[in-house]
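Student: Okay, predicted coordinates and the sequence, questions at the end:
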Amino acid sequence: MQTAPFPRREIGVFDSGVGGLTVLRELRALLPGARLRYLADTAYAPYGGRSADEIRARCFAITEHLVASGAALVVVACNTATAHAIEALRARWPALPFVGTEPGIKPAVAATRNGRIGLLATRATAASERLRALIARHADGREVLVQACPGVVNHIEAGDLDSAALRALVERHCEPLRAAGVDTALLGCTHYPLIAPLWQAALGDGVRLLRIETAVARRAAALWTPGADAPGLAVETSGDPAALRDWVARVLGWRDLDLRRWPAA
Ligand code: DGL
């Protein structure tokens, strides 16, 4: 009689592309013994210009795959996917814990001195009902200015973290926040910390920049029950594995990754 293989338990993490790697980096540091799988949905990035239905369909296809691979916890390392799909994911997989990524309105409210907060996000996140409700719930009388930043993710996905064109785009998106005199700004997209110095330069030194990836990783680590599996990291992309391998080596310095195409060609 054949015994069934002991089911592998791992943490599945996904994003439209490289943005969620900012969360994964924190997670690796917090849980060096865990098995991690990261899925970059590069072929469909950016999500920020897609409809809610498209974003949800991608999130369902990815989660099916992560669950089939042994995910016992899923980290939605993408604000846009969280805004449009996390409720549907939780309804479809009620026994599976999901950790979402949302801008930290509460820390921003605690940090602001003048009561004016800027929130930089993708177009789809900026337009979402979930973000509107989050702000209504936590803003506590502070003004939260939401700025959609189309185009930025395309540069980052292409490996451009510092060109003159990207700097000009970032400055343009920051202009309304500067004009409003915000003293605190939230990076509401997991790609954005990868160009934190550009946001800081565009907003000015006096503006406090807040990011969320550490809090998301901590939440995931708190929910994780270690199993008997060997630690590891598998990375998959619906785009070009060679391009992602280069990007990861250049920006994060991670080499020798188990990096494959999904779905397998
Ligand atoms: N990294 C994502 C986010 O946090 C998605 C960006 C995009 O694909 O537009 O919103």
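Tutor: That came through fine.
Student: shaky segments in this protein?
Tutor: 1-7 (pLDDT under 70).
Student: For the chain, just list every one of the strands.
Tutor: Secondary structure of the chain (DSSP state E): strands at 10-15, 35-40, 71-76, 98-99, 116-121, 143-148, 184-187, 208-210, 232-237, 258-261.
Student: for those, which one sits closest to His84?
Tutor: Taking CB to CB, strand 71-76 is the member of the strands of the chain nearest to His84, at 10.2 Å. C-beta here means a position set from N, CA and C on the backbone, and glycine is covered the same way.
Student: What strands line up against that closest one, and which way round?
Tutor: Strand pairing for strand 71-76, determined by DSSP bridges: strand 10-15 (parallel), strand 98-99 (parallel).
Student: what's around the spatially closest residue to Leu21 that is not a sequence neighbour, how many residues?
Tutor: Counting by CB to CB, 6 or more residues apart in numbering, Leu252 is the residue found nearest to Leu21 once chain neighbours are left out, at 6.4 Å. Neighbourhood size, Leu252 [other CB atoms under 10 Å]: 16.
Student: List the buried residues for stretch 204-213?
Tutor: 207-213 (16 or more other CB atoms under 10 Å).
Student: Kindly reformat the residues you listed as CSV containing distance to Gly33.
Tutor: What follows is those, written out as CSV (distance: CB to CB, whole Å):
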residue, distance to Gly33
Val207, 38
Arg208, 34
Leu209, 32
Leu210, 29
Arg211, 25
Ile212, 24
Glu213, 20
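Student: Throw those into CSV and include distance to the ligand, thanks.
Tutor: What follows is the buried residues of stretch 204-213, written out as CSV (distance: CB to the nearest ligand atom, whole Å):
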residue, distance to the ligand
Val207, 20
Arg208, 20
Leu209, 15
Leu210, 14
Arg211, 11
Ile212, 9
Glu213, 10
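Student: for these, which one is nearest Arg25?
Tutor: Glu213 (7.6 Å).
Student: quick one: contacts for that closest one?
Tutor: 22-23, 25-26, 77, 101, 190, 193 (CB atoms under 8 Å, 6 or more residues apart in numbering).
Student: Format those as a markdown table; extra columns: neighbour count.
Tutor: Output for those, formatted as a markdown table (neighbours: other CB atoms under 10 Å):
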| residue | neighbour count |
| --- | --- |
| Thr22 | 27 |
| Val23 | 28 |
| Arg25 | 16 |
| Glu26 | 19 |
| Ala77 | 31 |
| Thr101 | 29 |
| Thr190 | 30 |
| Pro193 | 19 |
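Student: Select, from those residues, the two members most distant in space.
Tutor: Arg25 and Thr101 (13.7 Å).
Student: for the ligand, what are the nearby residues on the stretch 51-200 of the chain?
Tutor: Contacts of the stretch 51-200 of the chain with the ligand, taken as CB under 6 Å from any ligand atom, map to 78-80, 122, 125, 153, 189-191.
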